[in-house]
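Asks: The sequence isn't on hand, but the structure is:
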């Protein structure tokens, strides 16, 4: 079943952060991290259109693979939605104080295309239901193949096509649906409480005893959700370092002189994705932009120039922007810029009233990223006193604090 997790490590690793994203939910029936591009010759692979049915958390063939579908209601749960709900709950009931928690849709492994505006709208409604079921703080959109998918649908480097239109429809739908979910937030929490209580009471006595900690904690939590104001439900967009770059100098953010050989006669196909997307009138619907300033073979970043590109070319309010770091191992032969540079950038962010910083990832896999497993939590801990992160969109809500090792209320 999807989503078994260890509360102790989650609570420990999330301590320096003000917000966490649960990744990943997918549109693809078979997420494939080793795929690079669309085609029939490896490492390329199929890039089908979304099936129009489910939002997945793993391969469709796996038990409990999907998060939400057209039959989902406030009262129902999948194993995946319970897992996400628990992440959200422990973030809010964190011993260090409440943190925001969103669901990330997409990621590198997600090679399913949107293709139509109708699909974008349908996905937006499904993800809004996922947020309502889990009581998450919103959705992070990590669509890393927009440009190649758009080209497959007839888009060009100069003009966006159907994939960007579908993505814009997804963003707009999320914003509209989130407004509805916020308006019924307290009712949702109480409906969830009633449904959970009915499930608990239907259990035999011996099983109620075995799961008492889980249910008693959730009963208290849902009452507190209903007692607190509805949070602002956030739409965040995760992009790379190049959504706005000057066409005459597309590597103006690179400190390399000369540029790596591969970059001297080519540019990233994802250059100026922000230009295409924001031309579709979604800028006001995007609350946060997470910048993946990593996974770039041989490039050394001028971070202040990246910020300048966002502000000057994209007219982006930099308070929306989080600069992203990946300490340790990186994909595409990227090399971490180092502790001192991350601290320098964080100080610039703080001094210039920029949104913040983000780290990929809170819990890297020890086999895939043996040094990142240590460096990521070390970097997060070091960034915290520089950035002094606070709870976003209003005063922090009031929640009971769970035991740091069990994730449940103390004394149960």
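Replies: That came through fine. In this text the structure is predicted, and so the values were computed from the model without any measurement.
Asks: Are there helices or strands packed against the helix ranked longest in the chain, and which ones?
Replies: In the chain, with assignment by DSSP state H, the single longest helix is helix 162-183. Contact here means 3 or more C-beta pairs under 8 Å, 6 or more residues apart in numbering; DSSP states H and E; on that basis helix 162-183 packs against helix 117-134, strand 138-142, helix 146-152, strand 234-240, helix 273-278. Placement of C-beta: from N, CA and C, glycine included.
Asks: List the contacts of the second one.
Replies: Right, strand 138-142. 21, 23-24, 100, 102-107, 127, 130-131, 167, 170-171, 174, 178, 232-238, 287-288, 290 (C-beta atoms under 8 Å, 6 or more residues apart in numbering).
Asks: Please identify the most buried of the helices and strands packed on helix 162-183.
Replies: Among the helices and strands packed on helix 162-183, strand 138-142 has the highest mean neighbour count (mean count of other C-beta atoms under 10 Å), at a mean of 24.
Asks: Now do the SS call for the closest residue to residue 356 other than its chain neighbours.
Replies: Nearest residue to residue 356, sequence neighbours excluded (C-beta to C-beta, 6 or more residues apart in numbering): residue 322, at 4.7 Å. Following DSSP: H, G, I helix; E, B strand; the rest coil, the label given to residue 322 is strand.
Asks: Number of residues surrounding residue 322?
Replies: Residue 322 is flanked by 19 other residues according to other C-beta atoms under 10 Å.
Asks: From the contacts of strand 138-142, keep the buried residues only.
Replies: Buried residues within these, counting neighbours by 16 or more other C-beta atoms under 10 Å: 21, 23-24, 100, 102-107, 127, 130-131, 167, 170-171, 174, 178, 233-238, 287-288, 290.
Asks: can you give me the helices for this protein?
Replies: Under DSSP H, the chain gives helices at 7-14, 79-92, 117-134, 146-152, 162-183, 185-201, 205-210, 212-227, 261-264, 273-278, 303-308, 314, 339-351, 372-387.
Asks: Could you dump those into TSV with mean pLDDT added?
Replies: Listed next are the helices of the chain as TSV, based on pLDDT from 0 to 100:
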stretch	mean pLDDT
helix 7-14	96
helix 79-92	95
helix 117-134	98
helix 146-152	96
helix 162-183	98
helix 185-201	98
helix 205-210	97
helix 212-227	98
helix 261-264	94
helix 273-278	97
helix 303-308	98
helix 314	98
helix 339-351	98
helix 372-387	98
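Asks: Tell me the gap between the longest helix of the chain and the middle of its chain.
Replies: 16 Å (C-alpha atoms, centre = their mean, to the nearest Å).
Asks: Tell me the buried residues in it?
Replies: So, applying 16+ other C-beta under 10 Å, buried residues of helix 162-183: 162-175, 177-178, 181-182.
Asks: Could you give the number of residues near the residue nearest to residue 332 when sequence neighbours are not counted?
Replies: Distance criterion C-beta to C-beta, 6+ apart; nearest residue to residue 332, sequence neighbours excluded, is residue 295 at 4.6 Å. Residues lying near residue 295 (other C-beta under 10 Å) number 17.
Asks: ok, residue 295 touching residue 334?
Replies: Yes: counting by C-beta atoms under 8 Å, residue 334 is a contact partner of residue 295 at 4.6 Å.
Asks: Need the residues touching each of those two.
Replies: Residues touching both residue 295 and residue 334 (C-beta under 8 Å, 6+ apart): residue 326.
Asks: Give me the below-cutoff pLDDT ranges for the stretch 1-150 of the chain.
Replies: Applying pLDDT under 70 to the stretch 1-150 of the chain flags the ranges 1-3.
Asks: coming back round to it: could I get the helices and strands packed on helix 162-183 as CSV with distance to residue 17?
Replies: Putting the helices and strands packed on helix 162-183 into CSV (distance: least, C-beta to C-beta, whole Å) gives the following:
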stretch, distance to residue 17
helix 117-134, 18
strand 138-142, 14
helix 146-152, 27
strand 234-240, 14
helix 273-278, 25
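Asks: Ok, which of these comes nearest residue 358?
Replies: Evaluated with C-beta to C-beta, the helices and strands packed on helix 162-183 place strand 234-240 nearest to residue 358, the distance being 8.6 Å.
Asks: what's that closest one packed up against?
Replies: Strand 234-240 is packed against strand 100-106, strand 138-142, helix 162-183, helix 273-278, strand 288-292, with contacts defined by 3+ C-beta pairs under 8 Å, 6+ apart.
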